[in-house]
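Participant: Below is the sequence, then the predicted model.
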Amino acid sequence: MTDTVDAVVVGAGHNGLVAANLLADAGWDVLLCEASDAPGGAVRTAEITAPGFRSDLASAFHPLGAASPVLRELDLPSYGLVWRHAPAVVAHPTADGRCAVLHRSLDDTAAALDTDHPGDGDAWRAMVAEWDAIGTDVLEAALRPFPPVRAASRLWRRLGTGDTLRLARTLLQPVARMAAERFGGTAAPLLLAGNALHTDLGPDNAASAAYGWLLAMLGQRIGFPVPAGGSGALTDALVARFTARGGRLDVGRPVTSVLVEGGRATGVLDAHGGRVLARRAVLADVDAPRLYRDLVGEEHLPARFVADLDRFQWDFSTVKIDWALDRPVPWTALSARSAGTVHVGADVDGLRRYASDLSAGRLPGEPFLLFGQMTTADPDRSPPGTESAWAYTHVPRGLGWGRDDVLRWADRMERVVEDHAPGFTSVVRARSVAGPADLQDYDGNLVDGAITAGTCAPHQQLVFRPTPGLGRADTPVDRLFLSGASAHPGGAVHGGPGANAARAALAASGPAGPLYRGAVRFAHRRIHG
């Protein structure tokens, strides 16, 4: 069987769906091929613990999704997406009984920080005021195609040369250093460092300040919202929008290779022997190593590009537990009970030790958990009076764990929660444990449990993501575009890689397409020899 379309998109994760939507908006005939039996990739929801308890299989809270200009322009609320919020955004309890809280109200957050250390509330207000002045342009610069000429120009005009340099210095700092320069207490550094550890960067890693600041400011101004009914509702909205525009989605259709003729991607071959010919473009929402090595083949790539791919660095592996709880979590710190997201297990020094252990390839002596209270954020997730909850933590890559190893580590994670919420294990009705291999089974892009499709460290961002190059979706193969999170701007649910790939495909087929493609080929020759 042979299909012929304008574009074929490989992978129906949220980035593939975003790319497919934008191409369909342009009037293209688009086929989206998904290997699994359902779309969504890491943005799916199912009852995996107990009947009536809905769990997100991977992504759960979506501050970048709610703030993303890419997703906002798709008007997903018109296709059923509803955002919901917990009463508080983030809580970070520590063993000595303290609890830092990021409230939805700026006044409440500032008051709590002043209680921790007089003056820290005003320092937090100043940080939020800085965000209010530049946050929109920062998001545009971060999520749009590289280089972000318009957004960067607006930032420079607004800030001037001196403050632009100061902002760059701040974002490149370790988050611990940034917090020490601005705050005198312990609560604000906990909030910033804990948010930075939503990536694979510890408190003393360069550029961890960028992530801690970004997520903390989004949390303060937008919150950490969740889709009503589960993250799968975001996928459902993207699918509904795509099909309403005539797009076609084939699930259970794994792609085994990208067809390349004369240096150009001409289509794909699926596992059933079917061919899809693409008149204009092939877009791939898969991780970079799999696209280039398995689907394209190294024989179609420059030798230096292949050598650069050997240096691609994954982020750490992940172990995740989902729970069905008979009642809400009995946190000792009462203020943690109203937060959607809870950072569990360490103060800033403990976060340092956790990050150091991971970097050294050791199992952390003090696991740090990201904990989600989903019914607290969205009452539709479980029966009244109960809680659907989850937690994940990172472990070194390449452990090769069997099921018993994963379960022992899950028990260790539960003991961390029990330390902060005595009686927790007594309210567990059921649990579902996913180790690195299980997460990869859910979504092939979560390779060995890596959830950001490559490290967030600065040596693999912008023009270095996924390899030294253009920082764009264009690849060394003409008409082939990388639309997954291995491409700039990286992981999280914001649609940036998918949108950037769609825009590159449209540019390559537009009136100036020959000039555009020629410039891309010239740049790749200069970079990769």
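Facilitator: That came through fine.

Participant: Tell me how many other residues surround the closest residue to Trp331 other than its chain neighbours.
Facilitator: Spatial nearest neighbour of Trp331, chain neighbours left out: Ala421 (4.7 Å); criterion: C-beta to C-beta, 6 or more residues apart in numbering. (Glycine included, C-beta is placed from N, CA and C.) Ala421 has 22 neighbouring residues, counting by other C-beta atoms under 10 Å.

Participant: Look up how far Arg290 lies from Ala421.
Facilitator: From Ala421 across to Arg290, the span is 39 Å (C-beta to C-beta, to the nearest Å).

Participant: hang on, Arg264 packs against Thr475?
Facilitator: No: counting by C-beta atoms under 8 Å, Arg264 does not reach Thr475; the two are 11.1 Å apart.

Participant: residues in contact with the residue nearest to Trp331?
Facilitator: By C-beta atoms under 8 Å, 6 or more residues apart in numbering, the contact set of Ala421 is Val329, Pro330, Trp331, Thr332.

Participant: pLDDT wise, what is Ala12 at?
Facilitator: pLDDT recorded at Ala12 is 98.

Participant: same thing with the one 10 residues further on?
Facilitator: At Leu22, the predicted lDDT confidence score is 98.

Participant: do the same with the one 4 residues further on
Facilitator: On pLDDT, Ala26 comes in at 98.

Participant: repeat for the one 3 residues further on
Facilitator: Looking at Asp29, its pLDDT is 98.

Participant: For the strand or helix carrying Tyr211, the averaged confidence score.
Facilitator: Assigned by DSSP states H and E, Tyr211 belongs to helix 208-221. Helix 208-221 shows a mean pLDDT of 98.

Participant: same thing with stretch 348-368?
Facilitator: For stretch 348-368, the mean pLDDT works out to 96.

Participant: Please name the residues that touch Ala207.
Facilitator: Leu171, Leu172, Gln173, Leu201, Cys456, Ala457, Pro458, Gln461.

Participant: what about it, distance to Arg408?
Facilitator: For Ala207, the distance to Arg408 equals 34 Å [C-beta to C-beta].

Participant: Next, the contact list for the residue nearest to Val463 when sequence neighbours are not counted, please.
Facilitator: Spatial nearest neighbour of Val463, excluding adjacent residues (C-beta to C-beta, 6+ apart): Gly471 at 4.0 Å. Residues in contact with Gly471 (C-beta under 8 Å, 6+ apart) are Phe146, Pro147, Leu462, Val463, Phe464, Arg465, His488.

Participant: Confirm Gly471 sits in a helix?
Facilitator: No: counting by DSSP: H, G, I helix; E, B strand; the rest coil, Gly471 is not found in a helix; it is coil.

Participant: gap between it and Asp200?
Facilitator: Remark: distance between Gly471 and Asp200 (C-beta to C-beta) = 20 Å.

Participant: Got the domain ranges for this structure?
Facilitator: What automatic domain parsing lists as the domains of the chain is 2-37+251-312+454-528, 84-136+186-202+212-226+314-442.

Participant: Output the ones you listed in JSON lines, with distance to Pro51 appended to each entry.
Facilitator: Formatted as JSON lines, those follow (distance: least, C-beta to C-beta, whole Å):
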{"stretch": "domain 2-37+251-312+454-528", "distance to Pro51": "21"}
{"stretch": "domain 84-136+186-202+212-226+314-442", "distance to Pro51": "9"}
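
Participant: Gly65: which of those is closest?
Facilitator: domain 2-37+251-312+454-528 (4.5 Å; C-beta to C-beta).

Participant: Now the terminal residues of that closest one, how far apart.
Facilitator: Distance between the two ends of domain 2-37+251-312+454-528: 34 Å, counting by C-alpha to C-alpha, to the nearest Å.

Participant: coming back round to it: apply the buried test to the contacts of Gly471 and list what passes.
Facilitator: Phe146, Phe464, Arg465, His488 (16 or more other C-beta atoms under 10 Å).

Participant: quick one: which two of those are the most distant?
Facilitator: Among the buried ones among the contacts of Gly471, Phe146 and Phe464 lie farthest apart (C-beta to C-beta), at 10.7 Å.

Participant: what are the phi and psi values for the nearest residue to Asn205 once chain neighbours are set aside?
Facilitator: In this structure, Asn205 finds its nearest non-sequential neighbour in Pro174, 5.9 Å apart by C-beta to C-beta, 6+ apart. Dihedral pair for Pro174: phi -60, psi 140, per degrees, to the nearest 10.

Participant: Does the residue nearest the centre of the chain fall in a helix, a strand, or a coil region?
Facilitator: Centroid-nearest residue in the chain: Ala492, 1.4 Å away (criterion: C-alpha atoms, centre = their mean). Under three-state DSSP, Ala492 falls in the coil class.

Participant: all helices for the stretch 401-529 of the chain, in order.
Facilitator: Assigned by DSSP state H, counting those that start in this stretch, the stretch 401-529 of the chain shows helices spanning 403-420, 436-442, 496-509, 513-528.

Participant: out of these, nearest to Leu363?
Facilitator: Relative to Leu363, the nearest member of the helices of the stretch 401-529 of the chain by C-beta to C-beta is helix 403-420, separated by 7.8 Å.

Participant: which parts of the closest one are buried?
Facilitator: Buried, per 16+ other C-beta under 10 Å, within helix 403-420: Val406, Leu407, Trp409, Ala410, Met413, Glu414, Val416, Val417, His420.

Participant: Do you have the strands of the stretch 351-500 of the chain handy? List them.
Facilitator: Under the criterion DSSP state E, counting those that start in this stretch, strands of the stretch 351-500 of the chain are mapped to 369-373, 387-395, 428-434, 480-482.

Participant: How about residues contacting the shortest one?
Facilitator: Taking C-beta under 8 Å, 6+ apart as the criterion, the residues outside strand 480-482 that touch it are 19, 258, 260, 265, 281-284, 288, 291, 296, 466, 473-475, 497, 501-502, 504-505.

Participant: go again using 6 Å as the cut-off
Facilitator: Contact with strand 480-482 is made by Ala265, Val282, Leu283, Ala284, Ala473, Thr475, Ala501, Ala504, Ala505, as judged by C-beta atoms under 6 Å, 6 or more residues apart in numbering.

Participant: same deal with stretch 326-335?
Facilitator: Ala91, Pro93, Cys99, Val101, Arg337, Thr386, Glu387, Ala421, Gly423, Val427, Arg429.

Participant: With distance to Ser36 added, can I get these in CSV?
Facilitator: Below are the contacts of stretch 326-335 laid out as CSV (distance: C-beta to C-beta, whole Å):
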residue, distance to Ser36
Ala91, 34
Pro93, 37
Cys99, 40
Val101, 38
Arg337, 36
Thr386, 29
Glu387, 28
Ala421, 35
Gly423, 38
Val427, 33
Arg429, 28
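
Participant: I am finished for the moment; much appreciated.
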